[in-house]
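K.L.:
quick check, what structure comes out for this input:
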Amino acid sequence: MGEADTMSENDDVVRIMSIHKSKGLEFPIVFVPDMDKKYNLQDTTERVNFHVKFGLGLDMVDTSLRLRKKSFQKRAMAEGIRLNSIGEELRVLYVALTRAVEKLILVGGIADSKYDSSMERWERRAQTHGGDYGYVYTYSNYLDLAAPVYFKSVTSAVLELRTVTFGRGDGNVDSLDKMPETGTQGMDSHDVVTRDTLYEVYTGSEAQDDVASGSNSSDDGNDVDKNDDGNRELADIFRSRFDYQYPHELSTHLPGKFSVSELKHRDIDESQDEAVHIVQSERKKPVPEADGDTKKNMGAERGNAYHKVFELLDYNVNPDEDSVREFIHGLVLSGRMDAEYEKLVRAGKYAAFLNSRLGQRMKKAALSGRMYRERQFITGFPANRIRQEYEACDDIIMVQGIIDCCFEEEDGYVIVDYKTDHVEPDKAEEILKKRYTEQLRLYADALEQISNVKVKECIIYSVSVNREIKL
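P.N.:
Numbers count the residues shown, from 1 in each chain. So this is what the prediction gives:
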């Protein structure tokens, strides 16, 4: 268990907390950052709106015109949710503005391109009297609500508006073409800040300028030297903190989990050269859905159909085309497979598989109860094992996937992965190995971790060319 917090409210420290957590507290000086951050109004754009009083707000769907639009009830509910959210934001802003005892500093940012229009809008808003519901409703951040107060004549004397242009460390800045004229309604000061500016914290040269102007009356100059050394040390502290590079920066960008499918698609994308082009199969008329629509991706659907039959395949069926076709039709009649899938597969492909050497090995394993289909796994691998760009990082990333089929023989596991890519027969081995070797290696490593049994062989079975390809 951690130690109890022994700090009191009077300790001389900087406290960082949310506005909600600061409610009821007071502080000598308060900074409120991110005033330009927009309200969170995401609830008003959801597909389904929920309201305590009015229930559900749903879209209206016109099936004849194939259109979806917001219903009147949903629009009304979204408006109510928006008003409630803005009201809550105003209450939160009130809390933020009433925490300071001595000084309140509000910090927000605007783009250079919007500077002039923002200043004009705030000054125009300051000239109005009383509440302005339209203004509060239209703008969606704290800065637009608070900034106009500066331009009011009754408050401008006690408020200061300071604008800062942030540039790069090389001294280049994005200049503001127009700055407001100074005066009651103008800007008190404007600074240009770069990283180098932060390093120049009252350096020794500035101390010497003070001496030349008579601001430092030391006779022997020892005070100047001490001041020079102290401020150079302070500048070094700034430099070390702003230039600090977290040694494990790569780890902060790692995903918590990968799927094998993501890695597979990446490898396919990276291997699109002349040697690995997919051969276009003969175009076939897509199978219509019940409402007349066509499948969006027939290639993916065909692949799913072949995998589904492999998952349910009975190895006792006679290895001829008619028997396999009858078996597939039986899967549909029993409700174990969609009727659309039956139209996407060819019984002859499975007959050729059952008659192959691999089919016979798998039949033997299936009849002995040592074959496992659609085996799911989730396990951890070092990041540098997953992707080359993570070579310098050995943090563990979770990887999940599904092995099409694996079966156990006397001397270890054999992994089989079915592929339906249409490839030229003479290039099938080269193409499929290049695309899927890494995927099969991950499967093998995962299976060995889970079962503590050696994987002796990984095989790709190409449905397109009726061939097994050993890795």
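
K.L.:
nearest residue to the middle of the protein?
P.N.:
residue 255 (9.1 Å; CA atoms, centre = their mean).

K.L.:
isn't residue 470 up against residue 461?
P.N.:
No. Counting by CB atoms under 8 Å, residue 470 does not reach residue 461; the two are 10.4 Å apart. (Each C-beta comes from the backbone N, C-alpha and C, glycine too.)

K.L.:
got the buried residues for stretch 462-471?
P.N.:
Along stretch 462-471, these residues count as buried under the neighbour rule (16 or more other CB atoms under 10 Å): 462-465, 467-469, 471.

K.L.:
contacting residues around the host helix or strand of residue 145?
P.N.:
Assessed by DSSP states H and E, residue 145 sits inside helix 142-146. Identification of contacts with helix 142-146 by CB atoms under 8 Å, 6 or more residues apart in numbering yields 32, 35-37, 89-90, 93, 96-97, 106, 108, 110, 118, 121-122, 136, 139.

K.L.:
so which residues of the stretch 351-471 of the chain form strands?
P.N.:
371-382, 396-409, 412-419, 455-462, 467-470 (DSSP state E, counting those that start in this stretch).

K.L.:
do the same with the stretch 51-200 of the chain
P.N.:
Counting by DSSP E, counting those that start in this stretch, the strands of the stretch 51-200 of the chain are 55-57, 59-62, 67-70, 100-106, 162-166, 189-193.

K.L.:
nearest to residue 114, out of the ones you listed?
P.N.:
In terms of CB to CB, the element of the strands of the stretch 51-200 of the chain nearest to residue 114 is strand 162-166, at 12.6 Å.

K.L.:
what about the closest one, average pLDDT?
P.N.:
Regarding strand 162-166, the rounded mean pLDDT is 67.

K.L.:
and stretch 298-316, by the same measure?
P.N.:
Computed over stretch 298-316, the average pLDDT equals 86.

K.L.:
on that earlier part again, and the contacts of helix 142-146, which are buried?
P.N.:
Looking at the contacts of helix 142-146 with 16+ other CB under 10 Å, the buried ones turn out to be 32, 35-36, 89, 93, 96-97, 106, 108, 118, 121-122, 139.

K.L.:
now for the residues you listed: which two are most distant?
P.N.:
96 and 121 (21.6 Å).

K.L.:
re the thing from before, for the residue nearest to the centre of the chain, which non-adjacent residue is spatially closest?
P.N.:
Leaving aside its sequence neighbours, residue 255 sits nearest to residue 397 (CB to CB, 6 or more residues apart in numbering; 6.7 Å).

K.L.:
so who does that neighbour touch?
P.N.:
Per CB under 8 Å, 6+ apart, neighbours of residue 397: 254-258, 380-383, 386.

K.L.:
ok, now how distant is it from residue 253?
P.N.:
12 Å (CB to CB, to the nearest Å).

K.L.:
could you do residue 22 as well?
P.N.:
Residue 22 is 32 Å from residue 253, by CB to CB.

K.L.:
which one's more surrounded, the two?
P.N.:
Under the criterion of other CB atoms under 10 Å, the comparison of residue 22 against residue 253 puts residue 22 first, with 17 against 9.

K.L.:
quick check, the more buried one in a strand?
P.N.:
No. Assigned with DSSP: H, G, I helix; E, B strand; the rest coil, residue 22 falls outside any strand and is coil.

K.L.:
surely it touches residue 99?
P.N.:
Yes. Using CB under 8 Å, residue 22 is in contact with residue 99, at 5.3 Å.

K.L.:
picking that back up, want to throw the strands of the stretch 351-471 of the chain into JSON lines with mean pLDDT and distance to residue 365?
P.N.:
Written out in JSON lines, the entries for the strands of the stretch 351-471 of the chain read as follows (pLDDT from 0 to 100; distance: least, CB to CB, whole Å):
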{"stretch": "strand 371-382", "mean pLDDT": "87", "distance to residue 365": "4"}
{"stretch": "strand 396-409", "mean pLDDT": "87", "distance to residue 365": "4"}
{"stretch": "strand 412-419", "mean pLDDT": "90", "distance to residue 365": "8"}
{"stretch": "strand 455-462", "mean pLDDT": "90", "distance to residue 365": "12"}
{"stretch": "strand 467-470", "mean pLDDT": "87", "distance to residue 365": "15"}
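
K.L.:
with that, I have no additional questions.
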